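A.B. asks: Sequence first, then the predicted structure, then my questions.
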Amino acid sequence: MMALLDSQITAQVTEFFQGLQDPVTLQWYRGPDADTATTFKDLVNEVADLSDLIMIQEGSQEPELEPGHGGTETVTGPIAELLDKDGNRTGIRFVGIPSGHEFGTLLEGIKSVSTHTSGLSKAAEASLAGIQKPVHIQVFTTPT
């Protein structure tokens, strides 16, 4: 396996993870594309090697697609979800390889789950606490 993260990125991520508090599990499903799955597995294992609080768990069951997908669509690549210290789903999910701008989002997600912080202002948290029914939010990132 060739390292995907160079020494400078590894040092930065290690420093970023210094504030982690609770364990986080990245549970992933490989999908049918073996090349993509191998790259994904190598990347997340490199990330997990940078902190004792990050675990990787490969699932064998294809995850459900997000709401709004038709009944004929299937998973084509790796999908990962972050689980909290008790193994509960957090709703933070990654579809495909989190590289480029998405890599930072993966790191922020791990940190948020581990530290129980959202990065939102107190006013935003208070507004969101008032929501009384389930809400489905999707955030898409793409390289520019």
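C.D. replies: Noted; the coordinates are in hand.
A.B. asks: only C-alpha atoms for contact and neighbour calcs from this point on.
C.D. replies: Will do.
A.B. asks: Please give the element, helix or strand, for residue 127.
C.D. replies: Assigned by DSSP states H and E, residue 127 belongs to helix 122-129.
A.B. asks: what's the average pLDDT for that helix?
C.D. replies: In this model, helix 122-129 carries a mean pLDDT of 89.
A.B. asks: what does stretch 86-105 give?
C.D. replies: 88.
A.B. asks: Straight-line length of that stretch, end to end?
C.D. replies: Distance across stretch 86-105, first residue to last, is 22 Å (CA to CA, to the nearest Å).
A.B. asks: Stretch 86-101 now?
C.D. replies: OK, stretch 86-101 end separation, CA to CA: 29 Å.
A.B. asks: And for stretch 24-33?
C.D. replies: End to end - CA to CA - stretch 24-33 spans 26 Å.
A.B. asks: go on, stretch 124-138?
C.D. replies: First-to-last residue span, stretch 124-138, CA to CA: 18 Å.
A.B. asks: Distance from the chain centre to that stretch, please.
C.D. replies: The chain centre lies 20 Å from the centre of stretch 124-138; the measure is CA atoms, centre = their mean, to the nearest Å.
A.B. asks: ditto for stretch 20-35
C.D. replies: 7 Å.
A.B. asks: Any stretches of the protein with poor pLDDT?
C.D. replies: 1-2, 65-75, 140-144 (pLDDT under 70).
A.B. asks: Report all helices and strands that the helix or strand where residue 93 lies contacts.
C.D. replies: Assigning secondary structure by DSSP H and E places residue 93 in strand 89-95. Other elements packing on strand 89-95 under the criterion 3 or more CA pairs under 8 Å, 6 or more residues apart in numbering; DSSP states H and E are strand 79-83, helix 101-115.
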